[in-house]
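1. Sequence and predicted model, in that order:
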Amino acid sequence: MKILFDNYNYDYKALKALWGFSIYLEEYRLLFDTGSNGRVLLENMKALGIDVKEVRYLFISHAHWDHIGGLDSVLEANPELTLFVPQSLSKHLIRDLGTLAKEVVVIKKGPQKLFGELYTTGLLGTEVPEQSLIIKREKPVLITGCGHFGVANIARHAARAIEKPIDLVIGGFHLMHSDRETIEREITALRENGVTSVCPTHCSGEKAIAMFARHFGTHYIRGGIGAEID
């Protein structure tokens, strides 16, 4: 897995960092979210050696601009995509996407298998309905866009969906405006639910990232554009 779009940079200083998030799962040829700007996303992909035409699936976590901003650019470059989109997207946008992509799968509430090892949590939350992606492998992985429902809550739902504890959580943890006590509670809840490794980035916030790094030690993975996660 490689992070393609983030408001943090890893070691690729030549790449453009903007607010938003996108990560590519090369093994599954699946792109998770598209960041806030399509031109920048495609430039970052090219610089990191990823051909957008090789992508076969696009997973959209939720309707916020910083996760769907590159949608048009990706589809223009590669219309042969199967999209997994949340029902919370505008019905007009979903209709239009059906004319621009190979296939559009609308995700509602409740977990479901997408294909192979990949599952969606289904839409969680009401204020900002959001789906997260689960990779059901020996050590399961959870990828969140912004984690509006609470990263520990999402991890609990994901574990129930696949009947197996989540090992690694990657993505936005939505803690940028949270106080230390709230962040501590999330860390404790994740640990109690069996999570052993974390890669907080995007909207997680500097304070939360530092706290996760301290608490998880060698099991903390630094995010940012260009970061590769095994």
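-> Perfect, thanks for sending it. Numbers count the residues shown, from 1 in each chain.

2. Could you list the domains of the protein?
-> 1-107, 118-223 (automatic domain parsing).

3. Now mean pLDDT and distance to residue 229 too, for those domains, in a markdown table please.
-> Bear in mind the C-beta positions are built from the backbone N, C-alpha and C, glycine included. Shown next, in a markdown table, are the domains of the chain (pLDDT from 0 to 100; distance: least, CB to CB, whole Å):
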| stretch | mean pLDDT | distance to residue 229 |
| --- | --- | --- |
| domain 1-107 | 96 | 5 |
| domain 118-223 | 97 | 6 |
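
4. Nearest to residue 230, out of those domains?
-> In terms of CB to CB, the element of the domains of the chain nearest to residue 230 is domain 1-107, at 7.8 Å.

5. Distance from that closest one to the middle of the chain?
-> 10 Å (CA atoms, centre = their mean, to the nearest Å).

6. Now do the end-to-end distance for it.
-> Using CA to CA, to the nearest Å, the end-to-end distance of domain 1-107 comes to 23 Å.

7. Just the buried positions in stretch 108-124, please.
-> 111, 114, 118, 119, 120, 121, 122, 123, 124 (16 or more other CB atoms under 10 Å).

8. What of stretch 217-230?
-> 220, 221, 223, 224, 225, 226, 227, 229.

9. Just the closest of those to residue 77, please.
-> Nearest member of the buried residues of stretch 217-230 to residue 77, counting by CB to CB, is residue 225, at 18.8 Å.

10. returning to that earlier point: now render the buried residues of stretch 108-124 as a markdown table, adding secondary structure and distance to residue 215.
-> Below are the buried residues of stretch 108-124 laid out as a markdown table (DSSP: H, G, I helix; E, B strand; the rest coil; distance: CB to CB, whole Å):
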| residue | secondary structure | distance to residue 215 |
| --- | --- | --- |
| 111 | coil | 28 |
| 114 | strand | 31 |
| 118 | strand | 29 |
| 119 | strand | 27 |
| 120 | strand | 28 |
| 121 | coil | 24 |
| 122 | coil | 29 |
| 123 | coil | 29 |
| 124 | strand | 24 |
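
11. What about residue 169, how many residues nearby?
-> By the criterion of other CB atoms under 10 Å, residue 169 has 28 neighbours.

12. wait, I meant residue 29
-> For residue 29, using other CB under 10 Å, the count is 12.

13. how about the nearest residue to it, chain neighbours excluded?
-> Nearest in space to residue 29, with sequence neighbours left out and distances taken as CB to CB, 6 or more residues apart in numbering, is residue 56 at 4.2 Å.

14. what's near enough to touch the one you found?
-> 29, 30, 80, 81, 82 (CB atoms under 8 Å, 6 or more residues apart in numbering).

15. hang on, the earlier thing: and the buried residues of stretch 108-124, which is closest to residue 15?
-> residue 118 (26.6 Å).

16. Could you dump the buried residues of stretch 108-124 into JSON lines and include distance to residue 38?
-> Formatted as JSON lines, these follow (distance: CB to CB, whole Å):
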{"residue": "111", "distance to residue 38": "30"}
{"residue": "114", "distance to residue 38": "24"}
{"residue": "118", "distance to residue 38": "24"}
{"residue": "119", "distance to residue 38": "27"}
{"residue": "120", "distance to residue 38": "23"}
{"residue": "121", "distance to residue 38": "26"}
{"residue": "122", "distance to residue 38": "27"}
{"residue": "123", "distance to residue 38": "25"}
{"residue": "124", "distance to residue 38": "27"}
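
17. Could you double-check that residue 55 lies in contact with residue 30?
-> Yes - taking contacts as CB atoms under 8 Å, residue 55 lies within contact range of residue 30: 7.3 Å.
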